[in-house]
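**Q** Quick one, what's the 3D model for this:
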Amino acid sequence: MFLFLGSFADFGTWRPNILIGLTAIAFGIGFGWLGVHDEQDWLIGVGLYIVGLIAYQATITFWTAAFPGLARNSPTLRIKAGDLIHGRISRAEYDFADMMKRNELSNTAFYVQSVCEIAILAVIVGIMFGLRVNNSMENNNWGLSVLIAFATGVWVLCAMPWFILEKRRPGQDPGQTNIIVAGMKQLGFALSQIWQLRQSLAYLVGYFLLGDSLNTTVTVIGTLQNEIVAYNSLELTYLLIVGIAAQAMGIGTFWRIQKHYGLSTKTMFMVVAVCIVLLDGWGMIGVWTQAFGFHKKWEVWVYQAFYGLVICPWYSYSQTMISEVTPRGKEFLFFSLFSIVGKTSAFIGPLVSSAIIDDTGNNSSPFYFLFALSLVSCVWLFFSVDIAKSRIEQDSFLEKEKQRNSAFLKH
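**A** Got it, this is the predicted structure:
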C-alpha cells in the first residue's frame, strides 16, 4: 500500500488528498475508542489499534515527505535557485542552503509539536483527575479511551487549517499517461534501477539496522520498567511530560548547534546514532549488576530525560537523511519505501530479543545483541554513506529516467 500510494503521489497536484483521506481514517479510529473500553471488547480494540497504527504511520510518511518540496519552494531557496541559474553561487552553496532549509523545517516542526504536546498532556492530566482514573481499573480504561479521543480532537483542530490552506504545488507531469499508470511505471523503473543508488541503499541498510535496534531497545526498556513499577495512566502521563519536555529541549538544542556551526545532516544524525549505542550500553550494564541498568525507579525518569534530549532528534534527522539520499521529485516514493523498512524493523528485533530472554531467563540479556547491533549500524552508516557521492548518483538516476521517458515518447 505504501509503495502503491507513494509511486503516484509524486505526480500531479492531488497528492494532498492522500494525506486528507488517511487522516480522516485516523480521526475515525481515534474517536472510535470511546466505544471500546471494556474487557469483552478486546478484539475490537486490537482491530482499532492495528488499523489506527497503519493510518498514523501513513500520515507521518506523507507529512514528512512534503518537507523537501516545502523547503525548495520557500522564498529563500527560490532566490538561491535563481542565483544558481545565473551563476552567482555554486552548486555546492545551493546544496548547503537546501540542506539547512530542510533541516530547519523538520526540526521546527518537531520542536513546535513537542512544545504543544506538553500543553496537551497538561490538559490530559486534568482530564485524568476529573475521571478519577486511580479509583478503579474501569475508570482507568475509560480514561485511556477519553484521552485518545481528546488527542484526536486536537489533531482535527490542527489539521483542518493545513488541509484548507495548503498550496497544491504540482509534482511531476505524467504527460498523456494516467497518473496511476505513470506511478506504476515509476515504481517499476525505480525498483529496476535502484541498485545504481548505492548510497541510498547503504543508508537504507543502516536505517533498517539502527531503527531495529532503537525500536527493540525501547520495547526491552519498557519490559524492565514494568518490572520496577506498574504505572497507571496518570503516572504514565507525568512520565510523558518529562520525556516530551526533554524532547523539545533536545531538538531545539540540536538545531541551534547545527545552524550555528553549519554542520551537515549526517554529522547530527551520527551524534544521535552514538547516543543510541550509549543507551544500549547503559542497558547492558544491567546484565552484570542490579545497581544500574534499568533496575531502579529513578532510572526510569532519567531514561525519559535522556531519551528526549539526545535520542528523539532521531525522528527528525533520520527523516532529513532520507531526503538527502532521495532523487529530487521522488520524495513520496522513497519516503514510502523507507517507511516500510522502518516498520519491518519494528517486529524483527523484538522476536530475536524474546528468543534471547527465553533462553537466558534474564530480561536484560537482549542488550548484548542490541549493543552490538547499534555499534555495527553506527560504524556502517559512518563509513558507507557518502552524501556527496549520493548527489552524483541521484543526478545520474534522474538523467537515465529522462532519457528513458524521451525514448518512450518517440515510440
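
**Q** next helix or strand past the strand or helix carrying Gly206?
**A** Gly206 is located in helix 198-228, with elements delineated by DSSP states H and E. Remark: after helix 198-228, the chain's next helix or strand is helix 233-261, criterion DSSP H and E.

**Q** Next, name the residue at the spatial heart of the protein.
**A** Tyr315 (4.6 Å; C-alpha atoms, centre = their mean).

**Q** Find the helix or strand that that residue is a member of.
**A** According to DSSP H and E, Tyr315 maps onto helix 314-324.

**Q** Can I get that helix in CSV? Just the C-alpha atoms.
**A** Taking Å, rounded to 0.1, in the frame of the first residue of the first chain, the C-alpha atoms of helix 314-324 are listed here in CSV:
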residue,chain,number,x,y,z
TRP,A,314,16.5,10.7,15.5
TYR,A,315,12.9,11.2,14.4
SER,A,316,13.9,14.5,12.7
TYR,A,317,17.3,13.8,11.4
SER,A,318,16.6,10.2,10.2
GLN,A,319,13.9,11.7,8.0
THR,A,320,16.0,14.5,6.7
MET,A,321,18.7,11.9,5.9
ILE,A,322,16.1,10.2,3.7
SER,A,323,15.7,13.4,1.7
GLU,A,324,19.5,13.6,1.4
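
**Q** buried residues in the helix or strand just after that helix?
**A** Where DSSP H and E defines the elements, the next helix or strand beyond helix 314-324 is helix 331-360. Neighbour-count burial for helix 331-360, counted by 16 or more other C-beta atoms under 10 Å, picks out 331-343, 345-346, 349-350, 353, 356-357. To be clear about C-beta, it is placed using only N, CA and C from the backbone, and glycine gets the same treatment.

**Q** and what of stretch 76-84?
**A** Those would be Leu77, Lys80, Ala81, Leu84, for stretch 76-84 by 16+ other C-beta under 10 Å.

**Q** Specify which member of those residues is nearest to Lys266.
**A** Using C-beta to C-beta, the shortest approach to Lys266 within those belongs to Leu77, at 20.1 Å.

**Q** helices or strands up against whichever strand or helix holds Tyr368?
**A** Here Tyr368 sits within helix 366-384, counting by DSSP H and E. In terms of contacts (3 or more C-beta pairs under 8 Å, 6 or more residues apart in numbering; DSSP states H and E), helix 366-384 is packed against helix 198-228, helix 265-288, helix 331-360.

**Q** quick one: average pLDDT of the first one?
**A** In other words, helix 198-228. Average pLDDT, helix 198-228: 90.

**Q** got it, and the second one?
**A** Averaging pLDDT along helix 265-288 gives 96.

**Q** For the helix or strand following it, which helices and strands make contact with it?
**A** Next helix or strand after helix 265-288 toward the C-terminus (DSSP H and E): helix 297-306. Under the contact definition 3+ C-beta pairs under 8 Å, 6+ apart, helix 297-306 sits against helix 198-228, helix 233-261.

**Q** Let me know the angle separating the first one from helix 314-324.
**A** In this case it means helix 198-228. Using axes from the mean of the first three to the mean of the last three C-alpha atoms, to 10 degrees, the inter-axis angle of helix 198-228 relative to helix 314-324 is 170 degrees.

**Q** Would you mark the buried spots in helix 198-228?
**A** Under 16+ other C-beta under 10 Å, the buried positions of helix 198-228 are 198-204, 206-221, 223-225.

**Q** now Gln57: how far from Lys266?
**A** From Gln57 across to Lys266, the span is 25 Å (C-beta to C-beta, to the nearest Å).

**Q** these two touch, right, Arg15 and Leu333?
**A** No - Arg15 sits out of contact with Leu333 when judged by C-beta atoms under 8 Å, with a separation of 11.4 Å.

**Q** which residues touch the closest residue to Ile44 other than its chain neighbours?
**A** Spatially, and ignoring its direct neighbours in sequence, Ile44 is nearest to Val36 (5.2 Å; C-beta to C-beta, 6 or more residues apart in numbering). By C-beta atoms under 8 Å, 6 or more residues apart in numbering, Val36 lies in contact with Ile44, Gly45, Leu48, Ser145.

**Q** ok, of the residues you listed, which come out buried?
**A** Neighbour counting with 16+ other C-beta under 10 Å marks Gly45, Leu48, Ser145 as buried within those.

**Q** quick one on the thing from earlier: now the helix holding Tyr315, how far from the chain's geometric center?
**A** 8 Å (C-alpha atoms, centre = their mean, to the nearest Å).

**Q** Just confirm Trp195 contacts Leu201, I think it does.
**A** Yes - using C-beta under 8 Å, Trp195 is in contact with Leu201, at 7.1 Å.

**Q** I'd say Ser318 and Phe208 touch.
**A** No - between Ser318 and Phe208 no contact is recorded; they are 11.2 Å apart, counting by C-beta under 8 Å.

**Q** so how many other residues sit close to the closest residue to Gly286 other than its chain neighbours?
**A** Take Gly286 and drop its neighbours on the chain: the residue closest to it by C-beta to C-beta, 6+ apart is Gly293, 2.0 Å away. A count of nearby residues for Gly293, using other C-beta atoms under 10 Å, gives 19.

**Q** For Gly293, give me phi and psi.
**A** Note on Gly293: its backbone torsions stand at phi 110, psi 40 [degrees, to the nearest 10].

**Q** Quick one: residues contacting it.
**A** Listed by C-beta under 8 Å, 6+ apart, the contact partners of Gly293 are Trp282, Gly283, Met284, Ile285, Gly286, Val287, Glu299, Ser364, Phe367.

**Q** With Ser365 instead?
**A** Val287, Ile356, Ile357 are the contacts of Ser365 under C-beta under 8 Å, 6+ apart.

**Q** The residue nearest to the first one when sequence neighbours are not counted: what secondary structure?
**A** In space, not counting the residues next to it along the chain, Val287 is nearest to Ser364; the distance is 4.7 Å by C-beta to C-beta, 6+ apart. For Ser364, the assignment made with DSSP: H, G, I helix; E, B strand; the rest coil gives coil.
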